[in-house]
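**Q** Attaching a predicted model along with its sequence, questions to come.
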Amino acid sequence: VNLLSIPHLSTGEMLRSVKKQDTALSRWVASYIDAGRLAPDHLVMRIVAQRLKSDECRNGALFDGFPRTIVQAQLLDDFLSEEGLKLDMALELRVDEEELIQRLLKRAQIDGRVDDNYDTIRERLHVFKTQTAPLTEYYARQSKLEVVDGMQTPDQVFDAIKACVDRHSH
Ligand code: AMP
C-alpha cells in the first residue's frame, strides 16, 4: 500500500544502483557498502538532492535510510530551506538488536545482499549506534520525532505509522 502516494527514496537502493555500474565512482561506493560503513555525507546528499528536484517528488517523498548522520540531517535541512520545503516527520522504528540480526540474516537468504552477513551486520549496528542514533535527539528537539515499536506484527506497525503520519500532516 502506498499510503501517501509519494515516492519511496531509499539511499541504500540508490547507492546499490551506483555500485552496479563499472566506474571509479562505483568501486569507491562499493568499498563503503561492502564494509558496512557509511558512504560520504556530501555524496549521499548530492544523490538525494538530484532526486528531490525531479518532477516525481513534486508532492513530497519518503526517505528510507536517510539521513544517517547529523551532518546529513544538517545538509538536508539546508537544502530544504533553500528550496522552501520542510520535513514533516522523522520516524524511528525500534527493534531489539538480536531480532534485528535475525531479520537481516533471513533477508540474506531471500535477497542475497552481500552486506547481510554476520560481520558486516555487526559493523552496521556499530555504525548505527555511533553515527545514526544521535539523530533521534536531533529530531526530538525539532518536535519531529515519532517512535514506533517495530517488534509488533506488520499490521500493527503499519497502523502505528499511519497514526503518526496523521498527526503530522496538515
Ligand atoms: P540500506 O539499504 O539502507 O541498509 O543501506 C545499505 C548500505 O548503503 C549502508 O550500509 C551504507 O553503506 C550505504 N548507505 C545507505 N544509506 C546511506 C546513507 N544515508 N548514508 C551513507 N551511507 C548509506
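**A** Great, that's in hand.
**Q** and stretch 137-152, how far from the chain's centre?
**A** Stretch 137-152 has its average C-alpha position 14 Å from the chain's average C-alpha position, going by CA atoms, centre = their mean, to the nearest Å.
**Q** Just the buried residues of that stretch, please?
**A** For stretch 137-152, burial by neighbour count (16 or more other CB atoms under 10 Å) applies to Tyr138, Tyr139, Leu145, Glu146, Val148, Gly150. Quick note: C-beta positions are derived from backbone N, CA and C, even for glycine.
**Q** what pLDDT, on average, does it get?
**A** What stretch 137-152 shows for mean pLDDT is 98.
**Q** next one: stretch 117-131
**A** 97.
**Q** contacting residues around stretch 5-17?
**A** Defining contact as CB atoms under 8 Å, 6 or more residues apart in numbering, one finds that stretch 5-17 is touched by 2, 29, 32-33, 39, 44, 47-48, 51-52, 56-57, 59-66, 68.
**Q** Now the terminal residues of stretch 61-81, how far apart.
**A** 16 Å (CA to CA, to the nearest Å).
**Q** Start the count at 562 instead of 1 going forward.
**A** Sounds good: first residue 562 from here, last item stretch 622-642.
**Q** for the most centrally placed residue in the chain, phi and psi?
**A** Central residue of the chain (CA atoms, centre = their mean): Gly626, 0.9 Å from the mean position. Per-residue torsions, Gly626: phi 80, psi 20 (degrees, to the nearest 10).
**Q** Tell me who's in contact with it.
**A** Neighbouring residues of Gly626 by CB under 8 Å, 6+ apart: Ser571, Thr572, Gly573.
**Q** again, only using 10 Å
**A** Going by CB atoms under 10 Å, 6 or more residues apart in numbering, Gly626 touches Leu570, Ser571, Thr572, Gly573, Glu574, Met575, Leu576, Val605, Thr693.
**Q** State the distance from the fourth one to the ligand.
**A** If I follow you right, that is Gly573. Gly573 sits 2 Å away from the ligand, going by CB to the nearest ligand atom, to the nearest Å.
**Q** In the helix or strand hosting that residue, which of the residues would be classed as buried?
**A** Using DSSP states H and E, Gly573 sits within helix 572-581. For helix 572-581, the neighbour count (16+ other CB under 10 Å) marks Thr572, Met575, Leu576, Arg577, Val579, Lys580 as buried.
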